[in-house]
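In: Sequence plus the predicted model coming up.
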Amino acid sequence: MKTKSNPSLKLNGIEYLCLIIQSEPGKSQRYYLKKKYLYQRSKEDPHKGGSGAAYFSSKYYRNIYWRCYAPKNVLQPNGNYRAIKSCMHLTPKGWYYANKARKKLGLEPINNPNL
C-alpha cells in the first residue's frame, strides 16, 4: 500500500508492524506505532504513538498476527485486570507475514524460534 506522504514505501502498515515486531519482540504497542509512523512519514509521531492504535485493538489483527504476553496484574474499577505495559510478540501467522515482508525488501527470512 502506497501512502500519500511517501509513495515509494515498499511495505504497508501490517507488513511493517510484523517486520518490526519480529526484529524487536517484547516492546509496547506504542513503541511499534511510533516506528511505523516514522517509517511512513519520515517524521516523529506528534501523537506519541497514538496514531494507528486500531492495529492493536482490531479483532482482525490482534491475536492473529501478534499477541500481548504482558502479565495482567492491575485491577481496574470494573473488576477486570489489565497489563501496565504491553509485551507484543508475533503469532505463527504474523511470523509468516513478517518473512513475506522481508522477502519484499530483499532480505532473508528468519526461522521462528518458537516452532
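Out: Received the coordinates, thanks.
In: any chance you could map the helices in the protein?
Out: Secondary structure of the chain, counting by DSSP state H: helices at 13-23, 29-41, 54-57, 92-104.
In: Go through these and pick out the most buried.
Out: Neighbour counts (mean count of other Cβ atoms under 10 Å) averaged over each of the helices of the chain peak at helix 13-23, with a mean of 21. (C-beta placed from N, C-alpha, C; glycine too.)
In: For beta bridges, what are the partners of Arg82?
Out: Beta bridges link Arg82 to Val74, judged by DSSP bridges.
In: can the helices of the chain go into TSV with extra columns for distance to Ile64 and mean pLDDT?
Out: Shown next, in TSV, are the helices of the chain (distance: least, Cβ to Cβ, whole Å; pLDDT from 0 to 100):
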stretch	distance to Ile64	mean pLDDT
helix 13-23	10	96
helix 29-41	15	94
helix 54-57	11	92
helix 92-104	6	96
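In: Tell me which of those sits nearest to Lys85.
Out: Set against Lys85 and scored by Cβ to Cβ, the helices of the chain come closest in helix 29-41, at 8.7 Å.
In: mind listing what the nearest residue to Asn63 once chain neighbours are set aside touches?
Out: In this structure, Asn63 finds its nearest non-sequential neighbour in Thr91, 7.1 Å apart by Cβ to Cβ, 6 or more residues apart in numbering. Applying Cβ atoms under 8 Å, 6 or more residues apart in numbering to Thr91 gives the contacts 63-67.
In: Can you read off the pLDDT for Thr91?
Out: On pLDDT, Thr91 comes in at 96.
In: Just the closest of the contacts of Thr91 to Leu11, please.
Out: Tyr65 (13.6 Å).
In: List the contacts of the residue nearest the centre of the chain.
Out: The structure's the chain has its C-alpha centroid closest to Leu17; by Cα atoms, centre = their mean the separation is 3.6 Å. Residues near Leu17 by Cβ under 8 Å, 6+ apart: 32, 36, 55, 65-66.
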